[in-house]
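Colleague: Compute the structure for the input listed below.
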Amino acid sequence: MLTKQHKILIGLCLGIVCIICFILLATKDNASKETTSPPVTFKQNETVQAPQQSKQKDTAENGPVLVDVKGAVKNPGVYEMPHNARVVDAIKKAGNFTDQAAKDTVNLAQRVQDEMVIIIAKEGEEPVGIISQADGSTTTGSETEVVDINSADQTELETLPGIGPSKAEAIIQYREENGSFATPEALMEVTGIGEKSFESLKDAITAH
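Modeller: Below is the predicted model of the structure:
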């Protein structure tokens, strides 16, 4: 016969065994979960979107410009011109010179600018010239560098306002026959160059 003490002892032993078994099963289950869990993967974004670059060109320099042509032209007005146009192109767009135009009062080779005002004087009028709104300056005659009439060749002389091929040849011939010009004013001794012509180019020449 089992005594009461024996029954209690057996019960305690069974309880301890059950607890141990439960702990072992729980530990094994956790270990199994750790070994069977799928690895964590990180998906990399393979495409990196670069910032879009603008393909639009700056039109401030390359776009059309507006030029106001006034005075002795057939059709005065405001005209739209390409950015690389010259004063001569603007005058042609305005119908060209009138018969009374003083053609030597502006530099026909000057490049136009936006808001430029080109004023063609009539013969006998005080020339106004070209007003460039970009810098507010007013110019008359040639906008080229100052030309030394004692050393300039045919091409350089023809850049002067009112000096065409024939007058350029006359200047060179005068130098060959009479020597260098003593002063810029001596240019008026050349056939075809009078006081009026000299006034339109005096600021563009020197005599060294």
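
Colleague: Could you identify the helix or strand that succeeds the worst-scoring helix or strand of the chain on mean pLDDT?
Modeller: Sorting the helices and strands of the chain by mean pLDDT, DSSP states H and E puts strand 137-139 at the bottom, at a mean of 55. Per DSSP states H and E, strand 137-139 leads on to strand 147-148 as the next helix or strand towards the C-terminus.

Colleague: what residues does that following strand touch?
Modeller: Contacts to strand 147-148, defined as C-beta atoms under 8 Å, 6 or more residues apart in numbering, come from residues 156-157, 159-160, 204-208. In short, each C-beta sits where N, CA and C put it, glycine included.

Colleague: Which parts of this protein are helices?
Modeller: Taking DSSP state H to define them, one finds helices in the chain at 4-36, 59-62, 87-93, 154-157, 165-178, 195-201.

Colleague: Relative to residue 109, which of those helices is closest?
Modeller: Nearest to residue 109 among the helices of the chain is helix 87-93; the distance by C-beta to C-beta comes to 7.0 Å.

Colleague: Check which residues of that closest one are buried.
Modeller: Neighbour-count burial for helix 87-93 flags 87, 89-93 (criterion: 16 or more other C-beta atoms under 10 Å).

Colleague: For residue 65, see how far away residue 95 is.
Modeller: Going from residue 95 to residue 65 by C-beta to C-beta, to the nearest Å gives 19 Å.
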